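> Output the structure for:
(chains A, B, C and D)
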There are 4 protein chains.
Amino acid sequence: MTVEPAISRHIVRVGEISIGGPELTVMAGPCAVESEEILYATARHVAAAGARVLRGGAFKPRTSPRDFQGLGLPALKMLRRVADELGLAVVTEALDTRDVDSVAEYSEIIQIGSRNMHNSALLKEAGRTGRPVLLKRGISATLKEWLAASEYVLEAGNPNVILCERGIRTFETATRNTLDLGVVSLLKETSGLPVLVDPSHGTGRRSLVEPMSRAAVAAGADGLIIEVHPEPEKALCDGAQSLTPEGFAHLMEQVARIRSALPAA
Amino acid sequence: MTVEPAISRHIVRVGEISIGGPELTVMAGPCAVESEEILYATARHVAAAGARVLRGGAFKPRTSPRDFQGLGLPALKMLRRVADELGLAVVTEALDTRDVDSVAEYSEIIQIGSRNMHNSALLKEAGRTGRPVLLKRGISATLKEWLAASEYVLEAGNPNVILCERGIRTFETATRNTLDLGVVSLLKETSGLPVLVDPSHGTGRRSLVEPMSRAAVAAGADGLIIEVHPEPEKALCDGAQSLTPEGFAHLMEQVARIRSALPAA
Amino acid sequence: MTVEPAISRHIVRVGEISIGGPELTVMAGPCAVESEEILYATARHVAAAGARVLRGGAFKPRTSPRDFQGLGLPALKMLRRVADELGLAVVTEALDTRDVDSVAEYSEIIQIGSRNMHNSALLKEAGRTGRPVLLKRGISATLKEWLAASEYVLEAGNPNVILCERGIRTFETATRNTLDLGVVSLLKETSGLPVLVDPSHGTGRRSLVEPMSRAAVAAGADGLIIEVHPEPEKALCDGAQSLTPEGFAHLMEQVARIRSALPAA
Amino acid sequence: MTVEPAISRHIVRVGEISIGGPELTVMAGPCAVESEEILYATARHVAAAGARVLRGGAFKPRTSPRDFQGLGLPALKMLRRVADELGLAVVTEALDTRDVDSVAEYSEIIQIGSRNMHNSALLKEAGRTGRPVLLKRGISATLKEWLAASEYVLEAGNPNVILCERGIRTFETATRNTLDLGVVSLLKETSGLPVLVDPSHGTGRRSLVEPMSRAAVAAGADGLIIEVHPEPEKALCDGAQSLTPEGFAHLMEQVARIRSALPAA
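Numbers count the residues shown, from 1 in each chain, chains lettered A, B, ... in the order given. Model prediction:
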């Protein structure tokens, strides 16, 4: 019944990880890198549960200048050391064209966050590095605008774009954002790029991260990016939506079950 | 990990069907009742594939007075005859307080559509009949407003409310509406009422109905309501989002697989 | 510079009041009719300040069944007596097709509220009475849908539709709704119907009602509908957005100054 | 009636221009600098009609990499030469932290566009220059987030922030954006910063620019920023919303009339 779309799927390879292929790719870690100790503790847990990519913010885009802005370069180095020790890849966000080279030096995947989806200067710079780019959807970006943003990377000669739905802004405030899984399915039908889902930002509530991860996988997502913290209530950012290591392990079992219930793509 | 919420689940019983219990409930049929012949052909197919409730509009809420407004009372009678012959229950929409008694006479479940979620007069009247009420979310209703609307039925002494998420209006136009599965999960966590999902209106695109049905079930929905038409391209309304009978049968297999992959509630 | 649009303006006449003509029409009064005494006190003030139409809810559309639902028929009679004594016309809302005849009996103008803009049964019934219909824009209705709703009245043979912009639902919560004056100007350019603006619901904040009334008139609106209460802090509904009688008198002077600064239409 | 708010107004001085004081400040010019000839022709007209600041994009933030991206540094130099010859100040947008110093060298006011309102790196860099910063509201930014963004400039020790409302993204597509004048009034009541309005982007339709400019001034805006092009149909960007020089002169007369109808602040 599923009409086979006439698109060719692009698989983004990061070492031995294939994003957009038959395996689900899960990226996990704390919202921000707070200390090497906490980072290592988190990374060890998420690696054990099956995550292949470590996430963690070194440069944090915050609404207010009085919020924690990230540790910067030292955090990039911690991410690298911890990931190397545990055999993980690193994804972390670049906020400024002047930091793109450092981010590219210390991580395998450069994240362009939601607030910078329209930042064409940053997109071009990230594209230029040749590193895979995880491009989050802008908080009020249409599908069309999101794909147009991806072209800033693609036209820089870099085919390795990974799209990431992270919830859009709507009138509803019961959840932090409204996770738009319909657009995830539509992208899988019409675009060849891998599509990840971020249910942590997409819902803003810890208890919804697992059911929405299941839903994302059932909708056809190629992977997930999840915030995990050993003590969410002490996290410097996004504690309310961070899973505990145990919660993350449970989620991984759940999504594996859903993935195997899907028809072969 | 899933913290067991301190809520008691209300199961809505319609004959031998239990909505909100361990079984997934699927309601299916054409957007509008066009003729008894087409209705019967559709109903036979959806019953064979496992639907338990026949849907079909007798009174159609249309944006323009020049669109097809439904056949009215004759359509109610067709729904009844066809459903009785096939052992199905009927759900159909009431638009006017003056029609509520007729709708209650010919159907087991009274639908209050998205456009009338805020129509308190209609809600009270539907509540008064004692029939289960399928309350669709208003196109821009918050979770809070939707639950407040349900109270118009509950306070009329009728506990049998079934909530139905059908997509909200956002800035995105690539899909007809934005299906808000985050709120479905949140309702399952915080309210005891059964929650259905309508991926036909929620996406407006035939090809997305199946993946979003899988996602809805993975998110914890208690059932689905799906538009099916033997010849969607000839349908008097919503052809672009109607499944063929074959598409519907495929969907039913898919959602059954997802449902069995879920942990026992 | 203003290109003269090729549209013919329809003026709605209510006794000696011409809505949509050179005079600005102001409708004012309490959110709900609470008692004849308060209604009379309010009406006397707004009439003295130049309002020509008395507003006040007899049937109140409320989000929750536990909110004040209005006094019903007795309120209709109070509106009539008070308006007659002061030489005002009455506008009041109908919520149920079964109440339309009573509303038409006691008032000159039938209001269809925002929550019922998509209620086609109610629109047809109001159209049928021949009374002018004040059609508020649905909280998330596009311009196109709003005009389509007006056609339910027009096609019932009733040309006397007055459109009323009252704010739309957006992501912004600093104001109750987002008053969309761009659409008011667009309507004046493309439709012949009179257009009023409701800055009380459009902002939800008393202090913004006067500046947004000025803005509405500057944008080309044909009139305003304003909530006024002698003691806003004691009002049974919408106190936070109700003007005092003094505030209303000040507003009337202001909008008259703006109106005279506009080029002749 | 207007309660005098307990805020102290900050006036931003640019040479002899006082933004946020008793005079209305109008900034005008083409969307993008296309050639010195067109720029000069436009600037001469807008200066004659009363504009004090010349606008024009040197670096253009475009949705697609295939759209015209601006002439860059040569455009900055053209802006400077033309403005100097006509006694105007210059406002132009910076997109990249690496271009901020050039923009500050050639212009009096640095614009941070809607797409970069959340770009904290850029805000800090613009703040650091000490130049007045025209901070446009993000397309889906709440009032709170907009003010938080302004703090990135203020905390860099630069008090000269000018806020600019340019329309928000809503479900309505009849206008390009929804101009939110309610928030303009609310800012004038609660913040001491000057507030400008951009009715060109706020409506996207040439015919609405004049009425919405009147409305903005009536709502209390301190000024306007308007797109003007000698031949809008040939403009490389935003032709549909650009005024002709004659249209702009007419607008200037209109807004002056509205401004004098307002009570003294």
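> low-scoring pLDDT stretches of chain A, where are they?
Scanning chain A with the threshold set as pLDDT under 70 gives A:1-6, A:265.
> Okay, buried residues for stretch A:64-84 please.
Neighbour-count burial for stretch A:64-84 flags A:Pro65, A:Gln69, A:Gly70, A:Leu71, A:Ala75, A:Leu76, A:Lys77, A:Met78, A:Leu79, A:Arg80, A:Val82, A:Ala83 (criterion: 16 or more other CB atoms under 10 Å in any protein chain shown). From N, CA and C alone the C-beta is placed, and that goes for glycine too.
> How about that stretch and chain D, touching?
Yes. Stretch A:64-84 is in contact with chain D by CB under 8 Å from any CB of the partner chain, via A:Ser64, A:Pro65, A:Arg66, A:Gln69.
> Can you get me the start-to-end distance on that stretch?
From its first residue to its last, stretch A:64-84 covers 33 Å (CA to CA, to the nearest Å).
> can you list the residues that contact that stretch?
Outside of stretch A:64-84, the residues within contact range by CB atoms under 8 Å, 6 or more residues apart in numbering or on different chains are A:32-36, A:39-40, A:43, A:54, A:56-60, A:62, A:88-90, A:92, A:102-103, A:105-107, A:236-237, D:120, D:124, D:148, D:151-152, D:155.
> switch the cut-off to 7 Å
A:32-33, A:36, A:39-40, A:43, A:54, A:56-60, A:62, A:89-90, A:92, A:102-103, A:106-107, A:236-237, D:148, D:151-152, D:155 (CB atoms under 7 Å, 6 or more residues apart in numbering or on different chains).
> Make TSV out of the buried residues of stretch A:64-84 and add secondary structure and distance to A:Leu186.
As requested, the buried residues of stretch A:64-84 are arranged in TSV below (DSSP: H, G, I helix; E, B strand; the rest coil; distance: CB to CB, whole Å):
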residue	secondary structure	distance to A:Leu186
A:Pro65	coil	37
A:Gln69	coil	35
A:Gly70	coil	33
A:Leu71	coil	38
A:Ala75	helix	35
A:Leu76	helix	35
A:Lys77	helix	39
A:Met78	helix	38
A:Leu79	helix	33
A:Arg80	helix	36
A:Val82	helix	36
A:Ala83	helix	33
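> which outside residues touch the longest helix belonging to chain A?
Taking DSSP state H as the criterion, chain A has its longest helix at helix A:245-261. Identification of contacts with helix A:245-261 by CB under 7 Å, 6+ apart yields A:24, A:26, A:28, A:45-46, A:49-50, A:209-210, A:213-214, A:217-218, A:224, A:226, A:228, A:230, A:243, B:1, B:218, B:257-258, B:261.
> switch the cut-off to 6 Å
If you take CB atoms under 6 Å, 6 or more residues apart in numbering or on different chains as the criterion, helix A:245-261 is touched by A:24, A:45, A:49-50, A:210, A:213-214, A:217-218, A:228, B:1, B:218, B:257-258, B:261.
> So for it, what gets flagged as buried?
A:245, A:247-252, A:254-255, A:257-259, A:261.
> hmm, which two among the residues you listed are most spread apart?
Farthest pair in the buried residues of helix A:245-261 (CB to CB) is A:Pro245 and A:Ala261. Separation: 25.5 Å.
> can you list the residues of chain A near chain B?
A:1, A:140, A:142-143, A:170-172, A:174-175, A:178-182, A:185, A:189, A:203, A:207-208, A:211-212, A:214-215, A:218-220, A:247, A:250, A:257-258, A:261 (CB under 6 Å from any CB of the partner chain).
> I'd like to know which of these are part of helices.
Among those, the members falling in helices (DSSP H) are A:143, A:181-182, A:185, A:189, A:203, A:207-208, A:211-212, A:214-215, A:218-219, A:247, A:250, A:257-258, A:261.
> Among these, the buried ones, what's the ChimeraX command?
In ChimeraX, a selection of the buried entries from these looks like this (16+ other CB under 10 Å):
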select /A:143,181,182,185,189,203,207,208,211,212,214,215,218,219,247,250,257,258,261
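> Near A:Glu155, how many other residues are there?
A count of neighbours around A:Glu155, defined by other CB atoms under 10 Å in any protein chain shown, yields 14.
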